[in-house]
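> with the sequence up front, the predicted model follows.
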Amino acid sequence: EDELLPLAEVLAGEIAAVTGLDLACVRDRGRRGDIVLGIDPSYEGERYSLVVNNGAVVRGGNYHAVALGTVTLLQAMVVEKPGAAGVARVKVTDAPVTDYRGLLMDVARQWHSPETIQDVIRLCRLYKIRYLQLHLSDDQSFTVPLKTYPKIPTEGRSYTFEQMRDLVSYADRRGVTLVPEIDMPAQSSAICNARPDLFKSPNGGIINFASDEAVEAMGDIIDEVATLFASSPYIHLGADEANLHGLNADPEFQAAIEKYEVDGVGGLFNHFLNRIICSRSDSVSSSWTPSIS
């Protein structure tokens, strides 16, 4: 099926690397000795089957399920000699125990090259890890390219649009989904220092979530991130380690607490997150679910 052609090309490259065999990828019914990939709507979730007889047939209910089956096929493959490999006759029906199988990679505090991220994506595929979450912002740096606020990405520690798009595509082809994490409102010194006029609060590295202008700006940033990571159903908002000490006494925060009729600075904190979530989840091209730690 045309939908599975990118996966077939990935699998062919992996088999070539392991065995030296150069397999062509074609849309066909399959013949003796071929590896056939197919979508079967009767399979639920990420359930897949692998049947090896006169050839190998991998079927699943969706792209990610078939990707899991191709990994099982690779695990079963025995290299007899360079250019020759075999797989025992086998029938496997399997499914993950949990839908969310994830790994977190911190590229904000310890920047990693796109090539290193690709290495981790390949490992996620081989270990059947569905989601690779990228911690993209922290006090040390903001690593996502932005059109709306181009001064925010940290020079020398951020990725280009082309690099980000290539990484998302590289992961998607392998059945791995990149989940972006933008920490807010705390752990945001990189954002605040880049645009102190817009984001900085009395507590330094915390975004001024009493400011409607700052809240709208963070929403614009989330829109951009959601569009860039369009294949991800999740965006992680962080929301941890927020030092709210003394903000209740700040005149701007007092005014916002009164305006929105919330219970102190803690209530305003929750109101900020709800504004980001509720006002933005329907405004981007992909459907995403915010996740808050």
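That came in fine, so what should we check first?

> I'd like to know how many residues surround the residue nearest to residue 202 when sequence neighbours are not counted.
Of all residues not flanking residue 202 in the chain, residue 250 sits nearest, at 5.2 Å (C-beta to C-beta, 6 or more residues apart in numbering). No exception for glycine: its C-beta is placed from N, CA and C like everyone else's. Residue 250 has 17 neighbours, counted by other C-beta atoms under 10 Å.

> just checking, residue 250 touches residue 210?
Yes. Here residue 250 lies in contact with residue 210, judged by C-beta atoms under 8 Å, at a distance of 7.3 Å.

> which residues do those two both contact?
Residues touching both residue 250 and residue 210 by C-beta atoms under 8 Å, 6 or more residues apart in numbering: residue 201.

> ok, residues contacting the helix or strand hosting residue 123?
For residue 123, the host element (DSSP states H and E) is helix 114-126. Here helix 114-126 makes contact (C-beta under 8 Å, 6+ apart) with 67, 71, 74, 103, 105, 107, 129-130, 132, 134, 159, 163, 166-167, 170-171, 174-176, 178.

> stretch 145-162 too?
Residues contacting stretch 145-162 (C-beta under 8 Å, 6+ apart): 108, 111, 114, 140-144, 164, 167, 190-191, 194-195, 217, 220-221, 224, 228.

> how about a cut-off of 10 Å?
Contacts of stretch 145-162 with the rest of the structure, by C-beta atoms under 10 Å, 6 or more residues apart in numbering, involve 107-114, 117, 134, 136-137, 140-144, 163-167, 190-195, 198-199, 217-218, 220-221, 223-225, 227-228.

> and the helices in this protein?
5-19, 63-76, 114-126, 161-173, 189-194, 196-199, 212-228, 251-260, 264-280 (DSSP state H).

> now render those as CSV, adding mean neighbour count, distance to residue 92 and mean pLDDT.
What follows is those, written out as CSV (neighbours: other C-beta atoms under 10 Å; distance: least, C-beta to C-beta, whole Å; pLDDT from 0 to 100):
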stretch, mean neighbour count, distance to residue 92, mean pLDDT
helix 5-19, 17, 16, 95
helix 63-76, 21, 6, 97
helix 114-126, 16, 16, 98
helix 161-173, 17, 23, 98
helix 189-194, 22, 47, 96
helix 196-199, 16, 52, 96
helix 212-228, 19, 36, 95
helix 251-260, 15, 55, 96
helix 264-280, 17, 40, 87
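
> export these as CSV, with columns for distance to residue 91.
Output for these, formatted as CSV (distance: least, C-beta to C-beta, whole Å):
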stretch, distance to residue 91
helix 5-19, 19
helix 63-76, 11
helix 114-126, 22
helix 161-173, 27
helix 189-194, 52
helix 196-199, 57
helix 212-228, 41
helix 251-260, 60
helix 264-280, 45
